[in-house]
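Chemist: missing the sequence, but the structure's below:
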């Protein structure tokens, strides 16, 4: 199915001041282009020289052992690393062709276009309705908020379970429901990308399956990047997979590197790199 | 004995079973537990004796005077003296403390926790605040005398007391409890899970929006509890008030005057009344009136502590 017709191009203007048109060109298949990305936390070189493109309306999985920097790279796509005072990012991350780390880019605007779902369900200590409505509210959404909340919850496959208790605390939901609520909250601001940082690692297998099914539906409308420890999950849901690994430098420092990035089927059946093969066959990690 | 699949039970199994049969606590453990209990009981009994002493001293006053003791003002005669003037002074001081220390303290804590970048500067400020919380209250009294009394007089609120009034007392007490308000508020703010902040930033909230909509509401119960408890401390303080010129003897509050004259005139507070009555020459003041004033003061403090507990339970959140 050609999904490009379904996606309304969001008006992309992440700049703080001007309103210069930055229309994405359609000959660019990638939504993100990462080139020579290095991330530091203070003196710690967390990720080194990552270059990859994230395709539109696909699910891209980041896998690798703990500490390989996959979450760190994920958090570069919505500038979440900015919240860590010592974090420093070098290289370029282009989103619809615009340098995300350009001097005139407002990280707050970036996060409205690039939604995020976290490892542990983290609903606000508020009602189900207010959880979903918060993002649009602070973005000064002036449409029908009830309709938006319903649409977001429906897309997150949660509406039927919560429609009669929208005013109840989000903490009355189960863990799996809370995570779907967090997905509804993320898509309520009409992002075109969803970042998911091990979204199912705190859930039971049934709730995990629901999240995976949901991701499959969501990629019709969104580009999804998922970090996961679970290789079966990556092979089940993703179109492309990036394998990160830890490299020990000459000075004894550990740093994350992108080892291999290809279509998921290829990466899991015919890995090009011996490290990838070792990892997916369970010989380490 | 055999296991389910017919193998004879091995010897170690029996050893484990034997080991699991409890032999009770050893003598050392019993002695230790007993020592802990004695420590607890002795602390408790001293408190109880104190309380019983005060209440038994206060009973005659309440029996003969009833609520009239609470509702009458200062007097030179033990038959008519009451604590109303002290209650008025203490409540006014408390109101000024809340109005000044609460907003300033919470704002300072928010800056320290949410805005200040980590570094030696922030650490220095943090340490200083903690040290200030431990400075003896008499020192704050000297500060009040040197700074706030002249300041109040300078800005035209000195009145007949030339700044030795309840306004200067309220400011001094606010500064006295400010470090504690900052520390307790900062702890409440720090206790808000980082995941809540990330969730807020993740949907495109600014730092202020995250604080306004998520951090503050979640931290508020803790902040309120801390503030109420510091208020109790401010109500019980006597030393700084004595330094900055609280009235320790009899005075007649001016009758038929406006609020400003009342605020700028001579004043007293509940603990100061206890102090001055215990120095009176007529024994009734020390023997029955001072204990009764203590009971009133304790009643106010317990009410405040109860309010703190109530606030905490009512707004308690689980993550």
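Modeler: Yep, it's here. Treat the numbers as computed from the prediction; the structure is a model and nothing was measured. Residues are numbered from 1 along each chain as shown, chains lettered A, B, ... in the order given.

Chemist: helix or strand: which one has residue 153?
Modeler: With no chain named, the answer covers chain A. In the assignment (DSSP states H and E), residue A:153 maps to helix A:145-155.

Chemist: nope, chain B please
Modeler: helix B:149-154.

Chemist: tell me the mean pLDDT over that helix?
Modeler: Taken as a whole, helix B:149-154 carries a mean pLDDT of 91.

Chemist: contacts for it?
Modeler: If you take Cβ atoms under 8 Å, 6 or more residues apart in numbering or on different chains as the criterion, helix B:149-154 is touched by B:158, B:162, B:163, B:164, B:165, B:167, B:168, B:171, B:244, B:245. Yep, even glycine has a C-beta here, placed from its N, CA and C like the rest.

Chemist: stretch B:260-270: end-to-end distance?
Modeler: One end of stretch B:260-270 sits 21 Å from the other (Cα to Cα, to the nearest Å).

Chemist: ok, residue A:157 to chain B distance?
Modeler: According to Cβ to the nearest Cβ, to the nearest Å, residue A:157 and chain B sit 19 Å apart.

Chemist: next, that residue: phi, psi?
Modeler: phi 60, psi 40 (degrees, to the nearest 10).

Chemist: now it. Nearest residue, chain neighbours left out?
Modeler: Counting by Cβ to Cβ, 6 or more residues apart in numbering or on different chains, residue A:157 lies nearest to residue A:214, which is 5.2 Å off, once chain neighbours are set aside.

Chemist: give me the element the one you found is part of.
Modeler: helix A:205-218.

Chemist: ok, residue A:66 - contacts?
Modeler: Listed by Cβ under 8 Å, 6+ apart, the contact set of residue A:66 reads residue A:229.

Chemist: what does residue A:178 give?
Modeler: A:121, A:123, A:170, A:171.

Chemist: number of nearby residues for the last one?
Modeler: Taking other Cβ atoms under 10 Å in any protein chain shown as the criterion, the count of residues near residue A:171 is 15.

Chemist: re the thing from before, which ones, among the contacts of residue A:178, also lie beside chain B?
Modeler: For chain B, the contacts drawn from those by Cβ under 8 Å from any Cβ of the partner chain are A:123, A:171.

Chemist: on the three-state scheme, the residue in the stretch 1-150 of chain B that chain A sits nearest to is what?
Modeler: Per Cβ to the nearest Cβ, residue B:117 is where the stretch 1-150 of chain B lies closest to chain A, at 5.4 Å. Following DSSP: H, G, I helix; E, B strand; the rest coil, residue B:117 is assigned to coil.

Chemist: skipping adjacent residues, who's closest to it in space?
Modeler: Nearest to residue B:117 is residue A:85, by Cβ to Cβ, 6+ apart, at 5.4 Å.

Chemist: which pLDDT value goes with the one you found?
Modeler: On pLDDT, residue A:85 comes in at 86.

Chemist: adding secondary structure, pLDDT and distance to residue A:97, write the contacts of residue A:178 out as CSV.
Modeler: Below are those laid out as CSV (DSSP: H, G, I helix; E, B strand; the rest coil; pLDDT from 0 to 100; distance: Cβ to Cβ, whole Å):
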residue, secondary structure, pLDDT, distance to residue A:97
A:121, coil, 93, 34
A:123, coil, 95, 34
A:170, helix, 94, 37
A:171, helix, 93, 41
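
Chemist: just the buried residues of the contacts of residue A:178.
Modeler: A:121, A:123, A:170 (16 or more other Cβ atoms under 10 Å in any protein chain shown).

Chemist: and which of these is nearest residue A:200?
Modeler: residue A:121 (10.2 Å; Cβ to Cβ).

Chemist: what sits against that closest one?
Modeler: A:175, A:178, A:179, A:181, A:182, A:202.

Chemist: next one: it from residue B:215, what distance?
Modeler: 19 Å (Cβ to Cβ, to the nearest Å).

Chemist: repeat that for residue A:261.
Modeler: Applying Cβ to Cβ, the value for residue A:261 to residue B:215 is 38 Å.

Chemist: now residue B:122
Modeler: From residue B:122 to residue B:215 the distance is 18 Å (Cβ to Cβ).

Chemist: of the two, which one has the most company?
Modeler: Higher neighbour count among residue B:122 and residue B:215: residue B:215, with 21 against 15, using other Cβ under 10 Å.

Chemist: wouldn't that one be in contact with residue B:189 here?
Modeler: Yes. The pair residue B:215 and residue B:189 passes the contact test of Cβ atoms under 8 Å, sitting 6.2 Å apart.

Chemist: now do the shared contacts for these two.
Modeler: Counting by Cβ under 8 Å, 6+ apart, the residues touching both residue B:215 and residue B:189 are B:110, B:114.

Chemist: and residue A:7, what pLDDT?
Modeler: Reading off the model, residue A:7 has pLDDT 44.

Chemist: contacts only, for residue 187.
Modeler: Assuming you mean chain A. Here residue A:187 is in contact with A:115, A:152, A:155, A:156, A:194, A:218, A:222 (criterion: Cβ under 8 Å, 6+ apart).

Chemist: think we crossed wires, I meant chain B
Modeler: B:222, B:226.

Chemist: so which helix or strand takes in it?
Modeler: helix B:166-190.

Chemist: then residue A:224?
Modeler: For residue A:224, the element it lies in under DSSP H and E is strand A:223-227.

Chemist: if I've got this straight, residue A:194 is in a strand?
Modeler: Yes. Checked against three-state DSSP, residue A:194 lies within a strand.

Chemist: around chain B, which positions in chain A sit nearby?
Modeler: Selection of chain A residues close to chain B by Cβ under 8 Å from any Cβ yields A:78, A:80, A:83, A:85, A:108-112, A:115-116, A:118, A:120, A:122-125, A:134-135, A:138-139, A:171, A:182, A:185-186, A:188-189.

Chemist: surely residue B:108 touches residue B:180?
Modeler: No. Counting by Cβ under 8 Å, residue B:108 does not reach residue B:180; the two are 11.8 Å apart.

Chemist: which one of these two is surrounded by more residues?
Modeler: Legend: neighbour count by other Cβ under 10 Å for residue B:108 and residue B:180, higher for residue B:180 (22 against 19).

Chemist: so the nearest residue to the more buried one once chain neighbours are set aside: helix, strand or coil?
Modeler: Nearest non-adjacent residue to residue B:180, counting by Cβ to Cβ, 6+ apart: residue B:230, 4.6 Å away. Here residue B:230 is recorded as helix under three-state DSSP.

Chemist: longest helix in chain B, by residue count?
Modeler: Counting by DSSP state H, the longest helix found in chain B is helix B:27-65.
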